[in-house]
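Colleague: Coordinates only, no sequence provided:
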């Protein structure tokens, strides 16, 4: 876990990413999908990160311009082009099937909120059911989801929306995300950033940034 651009200013609110922060690692899940379904652990992430057509599909889907089934059909075709026969129907569910809830991080969100810290979600959405099993409206004070807003991280516009919905200036906010590029983008708005790796490290860093040392044991 790495703090980015935190400075010395005490922060007042927190925005959380979803996949890889409130869940287990997206990289590990997609890697296992690649190993089991494609015969190549690295293929799905390689395509999503460097194949122009796969990147276009992901961007359009996360921004709400391509629906669930359209992404599945397109990404299945890209996998097939690289020798992996994965049927489009249910492809996203298979990609996400190895993601599990991080109960420690979920408890951290609840503890912060109970302590009076405004908390929001800023998430790039993947698939119609990616938030299944999470009562996001009960967990957070505000939700900002790429597919609803028409813009995705690392666009600073999405962070601005998240801050506005919490009623706070970006300079008062900490962004927690598992991707460095998303934290760097948030930092450009004056936000503090925590690159999430382990719940214990993220909790400690948030504690310091929010000035909650000596607070509730649930935050430690």
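Modeller: Yep, that arrived. Everything quoted here is computed from the prediction, not taken from an experiment.

Colleague: Hmm, residue 71 is touching residue 92, no?
Modeller: Yes. Between residue 71 and residue 92 there is a contact under CB atoms under 8 Å: 7.0 Å. Using the backbone N, CA and C atoms, a C-beta is placed for each residue, glycine as well.

Colleague: Check for me that residue 175 belongs to a helix.
Modeller: No. With DSSP: H, G, I helix; E, B strand; the rest coil as the criterion, residue 175 is strand rather than part of a helix.

Colleague: distance between the ends of stretch 174-190?
Modeller: 9 Å (CA to CA, to the nearest Å).

Colleague: That should have said stretch 182-196, apologies.
Modeller: Per CA to CA, the first residue of stretch 182-196 is 11 Å away from its last.

Colleague: what distance separates the start and the end of stretch 78-87?
Modeller: First residue to last in stretch 78-87 (CA to CA) measures 11 Å.

Colleague: Off-centre distance for it?
Modeller: Distance, stretch centre to chain centre, for stretch 78-87: 26 Å (CA atoms, centre = their mean, to the nearest Å).

Colleague: in it, what's buried?
Modeller: Judged by neighbour count (16 or more other CB atoms under 10 Å), stretch 78-87 contains these buried residues: 78, 79, 84, 86.

Colleague: just stretch 154-163 next, same as before
Modeller: Across stretch 154-163, burial judged by 16+ other CB under 10 Å covers 154, 155, 156, 158, 159, 161, 162, 163.

Colleague: Give me the residues contacting that stretch.
Modeller: With CB atoms under 8 Å, 6 or more residues apart in numbering as the test, stretch 154-163 has contacts from 13, 15, 120-122, 142, 144, 146, 149, 151-153, 169-170, 173, 175, 179, 181-182, 184-186, 188-189, 191.

Colleague: Residue 119: neighbour count?
Modeller: 22 (other CB atoms under 10 Å).

Colleague: I am assuming it contacts residue 108, so please confirm or correct that.
Modeller: No. Using CB under 8 Å, residue 119 is not in contact with residue 108, being 9.4 Å away.

Colleague: contacting residues around stretch 174-181?
Modeller: Here stretch 174-181 has contacts from 2, 4, 6, 11, 13-17, 19-21, 25-26, 122, 153-154, 159, 182-183, 186, 191-197, 202, 206, 209-210, using CB under 8 Å, 6+ apart.

Colleague: Which PyMOL command selects the buried ones in the contacts of stretch 154-163?
Modeller: Buried residues among these (16+ other CB under 10 Å), as a PyMOL selection:
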select buried, resi 13+15+120+121+122+142+144+146+149+151+152+153+170+173+175+179+182+185+186+189+191
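
Colleague: Filter the contacts of stretch 154-163 down to just the ones in strands.
Modeller: 13, 15, 120, 121, 122, 142, 144, 173, 175 (DSSP state E).

Colleague: gap between the fifth one and residue 96?
Modeller: According to CB to CB, to the nearest Å, residue 122 stands 19 Å off from residue 96.
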